[in-house]
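following is a predicted model, sequence given first.
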Amino acid sequence: MSERVAAGTLVEIHAVVLAPGERAPQVPEDTRGLPLEMRVKGVLVGEANVGAQAEIRTATGRHLQGTLVDSAPAYTHTFGPGIAELTPIGAELREILRRRGHSR
Amino acid sequence: MNTGSDYQAVMARQNRIMRDSVGIDYAQYALGALAFDYERLLSDTGYELDMARDIQSRTAVGDTPLVELHNLTAVVRTLARPGRGARIFVKDEAANPSGSFKDRRASISVHEAKRRGFAGVAAATSGNYGAAVASQAAKAGLRCIIVQEAVDSRGVAQPEIAEKTRACEAYGAEVIRLSVGPELFYMFLRVLEETGYFNASLYTPYSIVGIETLGYELALQTTERAGRLPDVVVTTHAGGGNVTGTARGLLKAGSHATCMVAASVDLQGLHMASDHDFNRKSFTTGHTGFSIPFTTWPDRADVPRNAARPLRYIDRFVTVTQGEVFYVTQALAELEGLERGPAGNTSLAAAFVIARELDQQQTVVVQETEYTGAGKHPLAQLNLARELGIEVCRGDPRLGKPGSSIVIPAHPEQLAVVDVDLEQLRRSYLRNALDTLAPGTALTTDDVRFLAEDTRSSTGHVQEMIDDNR
């Protein structure tokens, strides 16, 4: 059973703006067959289920409709693990300077 | 008359939507079939340099520090011939309120929107400019909508753009995140039409006037620090506004002999409107996917006439590789204590190479840095690249292939720049300009003069290129 979300919750909706057949003529081959999709966050206007149609009020006060995809959407972007190809660069450069007599 | 939200119907209303949302009647500047009065378009904004500086100072924009990169300069000198290796300075634009030089562009646009009584501002941008507009709008009490190209069809967000989404939302903006495609502009037009907001385009004269202060400041600061005007200024080059505004500011400071270098990350081979290629680009701006098309035809922008006209100002155009920019980003953090970029460090990678060619008393100024953070970082980009099967290794950076491999230099000796032939770009610009004309349209002398100014060549040379094209 899909999650019921209370009105007033910060959510994200998803909507198809242009279906594959409606896209701009200059869209390349590999992208033409895909819809143009939109995701916007806002406050849920009325109680709704995740996966169902819902209405939100955005930060500018606009009312938008779409499929409710997420309640309390998270920012998940991060750094990830260190990259071994970058880690030694500082020490390498300091060594170059040291060999040239810089006090590093 | 405001009917139809399908692609063709909205695009057909483009001129009217633009006129209403920018408040500029571009038609009044037309001088011929192609020519327009560029200087009048800029001066009619009414924002003289001092006024722009004053407006910016009220929101803590500008007056950023000029930092000398002593240690990177020392590395350059270990690679250079005796007596060579110019002093490298960087303008720390990350010190602006939203963390990049884009605050300069946004400040004048938002000021103008407020002055004209608009209720809000909107911009189509996936970059730092969104956060800048959102930040300035917050301060001015205006509402703000940012339209981004943010995710691929699998729902995977470009990490750098995910961070920009967060930043815009932190400043209270509504962010419309779209999947990949050029219809970002179509959606933007719909938003402008529906809301009646001001179009804070990157390419209006307000935006360019806002960057002039950067060029002006750095000329003054370099003179103060080095006792001479900058010999070379390197700008990261994408849509052309950065190089245009900076060069104009330098000229206003009397820095006529400065060599303006535009630098872009080479992303040749990757399609800018392709869903497949979208996340295979480890740079979201400052790359050739923007700079080549915008240099060779500025009026592809989201306003009828682009105030960013790079060919007028560029003395030299170079490309660097993704691997080189990541290398220099790491070096900047570890040798100079500045964690900045990555995309804004494109100009630093080029400066590192160019400084080697110059004498020790000369100066190379990198004219921007940008804030860094989660997603907006070499680690985030390289981890995503690896997940998508892109090889990341050390070695000769020229062996990297955008979308397939990123080669991080094994030694600073391996950093290099590749010169883009400006004459070829001029010819390409001319072809694009002539392509916009209806068959049989005759060019006036004003048109030829304009094309000469826009390509920084002589009217005779323009005529020759036109004849060659026929």
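Structure's in. What do you need? Numbering: from 1, shown residues only, chains lettered A, B, ... in the order given.

near chain A, which residues of the stretch 351-470 of chain B show up?
Residues of the stretch 351-470 of chain B lying close to chain A by C-beta under 8 Å from any C-beta of the partner chain are B:374-375, B:377-380, B:382-384, B:392-394, B:408, B:411-412. Every C-beta, even on glycine, is put in place using the N, C-alpha and C of the backbone.

where do the strands of chain B begin and end?
Remark: strands assigned in chain B by DSSP state E are B:66-68, B:87-91, B:120-124, B:143-149, B:174-178, B:198-199, B:232-236, B:259-265, B:316-320, B:363-366, B:391-395, B:405-409, B:418-419.

so which of the ones you listed comes closest to residue A:52?
Proximity to residue A:52 (C-beta to C-beta) singles out strand B:174-178 among these, at 20.5 Å.

how close does the residue lying closest to residue B:314 once chain neighbours are set aside sit to chain A?
Spatially, and ignoring its direct neighbours in sequence, residue B:314 is nearest to residue B:262 (4.8 Å; C-beta to C-beta, 6 or more residues apart in numbering or on different chains). Computed with C-beta to the nearest C-beta, to the nearest Å, the distance linking residue B:262 and chain A is 26 Å.

and residue B:262, bridged to which residues?
residue B:235, residue B:317 (DSSP bridges).

pLDDT at it, what is it?
Note for residue B:262: predicted pLDDT of 98.

isn't it right up against residue B:320?
No. Look at residue B:262 against residue B:320 with C-beta atoms under 8 Å: they stay out of range, at 11.5 Å.

pick out whichever of these two has more residues nearby.
Between residue B:262 and residue B:320, counted using other C-beta atoms under 10 Å in any protein chain shown, the more crowded position is residue B:262 (32 against 28).

residue contacts, that one?
B:234-235, B:237, B:243, B:291, B:295, B:310, B:314, B:316-318 (C-beta atoms under 8 Å, 6 or more residues apart in numbering or on different chains).

what's the most distant pair in the residues you listed?
B:234 and B:295, at 15.7 Å, using C-beta to C-beta across these.

more neighbours: the two, which one.
Neighbour comparison, residue B:234 and residue B:295: the larger count goes to residue B:234, with 33 against 28 (by other C-beta under 10 Å).

which pLDDT value belongs to the more buried one?
Reported pLDDT for residue B:234: 98.

for residue 89, which non-adjacent residue is closest in space?
You didn't pick a chain, so chain A it is. residue B:330 (4.4 Å).

let me rephrase: I mean chain B.
Leaving aside its sequence neighbours, residue B:89 sits nearest to residue B:365 (C-beta to C-beta, 6+ apart; 4.8 Å).

on that earlier part again, would you format the strands of chain B as TSV with distance to residue B:158 included?
Formatted as TSV, the strands of chain B follow (distance: least, C-beta to C-beta, whole Å):
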stretch	distance to residue B:158
strand B:66-68	29
strand B:87-91	26
strand B:120-124	16
strand B:143-149	8
strand B:174-178	10
strand B:198-199	24
strand B:232-236	18
strand B:259-265	15
strand B:316-320	20
strand B:363-366	24
strand B:391-395	17
strand B:405-409	15
strand B:418-419	25
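
what's the burial count for the residue in chain A that chain B sits nearest to?
Chain B sits closest to residue A:90 of chain A, with a gap of 2.9 Å, by C-beta to the nearest C-beta. Counted with other C-beta under 10 Å, the neighbours of residue A:90 add up to 14.

I'd say it and residue B:337 touch.
No. With contacts counted by C-beta under 8 Å, residue A:90 stays clear of residue B:337, the gap being 10.8 Å.

okay, how far is it across stretch B:312-328, tip to tip?
Start-to-end span of stretch B:312-328 (C-alpha to C-alpha, to the nearest Å) is 29 Å.

also stretch B:199-211?
18 Å.

next, the buried residues of stretch B:402-420.
B:402-403, B:405-410, B:412, B:414-417, B:420 (16 or more other C-beta atoms under 10 Å in any protein chain shown).

near chain B at all, the helix or strand bottoming out on mean pLDDT in chain A?
Within chain A, no helix or strand scores below helix A:29-32, which has a mean of 91 by mean pLDDT, DSSP states H and E. Yes. Applying C-beta under 8 Å from any C-beta, one finds that helix A:29-32 is in contact with chain B at A:30-31.

rewinding a little: enumerate every residue touching the residue nearest to residue A:89.
A:86, A:89-90, B:378.

what's the closest of those to residue B:6?
residue B:378 (41.3 Å).

what's around the nearest residue to that closest one once chain neighbours are set aside, how many residues?
In space, residue B:378 comes closest to residue B:326 once its chain neighbours are excluded; the distance is 4.6 Å by C-beta to C-beta, 6+ apart. Neighbour count of residue B:326, defined by other C-beta under 10 Å: 31.

so what's residue B:326 up against?
Contacts of residue B:326 (C-beta under 8 Å, 6+ apart): A:86, B:282, B:342, B:378, B:381-382, B:406, B:408.

which two among those are spaced furthest apart?
Between all members of the contacts of residue B:326, the farthest pair (by C-beta to C-beta) comes out as A:86 and B:282, at 12.8 Å.

spit out the residues that contact these two alike.
B:326, B:382.

more neighbours: which of those two?
Using other C-beta under 10 Å as the criterion, residue A:86 and residue B:282 rank with residue B:282 on top: 29 against 21.

now do the closest residue to that one other than its chain neighbours, the pLDDT please.
Distances taken as C-beta to C-beta, 6+ apart put residue B:381 closest to residue B:282, at 4.3 Å, once the chain neighbours are dropped. For residue B:381, the pLDDT comes out at 97.

and residue B:381, how many neighbours does it have?
31.

quick check: it touching residue B:159?
Yes. Proximity of residue B:381 to residue B:159 meets the contact threshold set by C-beta under 8 Å, at 6.7 Å.

show me the contacts for residue B:393.
Residues near residue B:393 by C-beta under 8 Å, 6+ apart: A:85, B:405-408.

and if we set it to 7 Å?
If a contact means C-beta atoms under 7 Å, 6 or more residues apart in numbering or on different chains, then residue B:393 has A:85, B:407 as its contacts.

so what strands line up beside whichever strand or helix holds residue A:54?
In the assignment (DSSP states H and E), residue A:54 maps to strand A:53-57. Paired with strand A:53-57 in the same sheet, following DSSP bridges, are strand A:36-44 (antiparallel), strand A:63-71 (antiparallel).

from the chain's centre, how far out does the first one sit?
A distance of 10 Å separates the C-alpha centroid of strand A:36-44 from that of its chain, computed with C-alpha atoms, centre = their mean, to the nearest Å.
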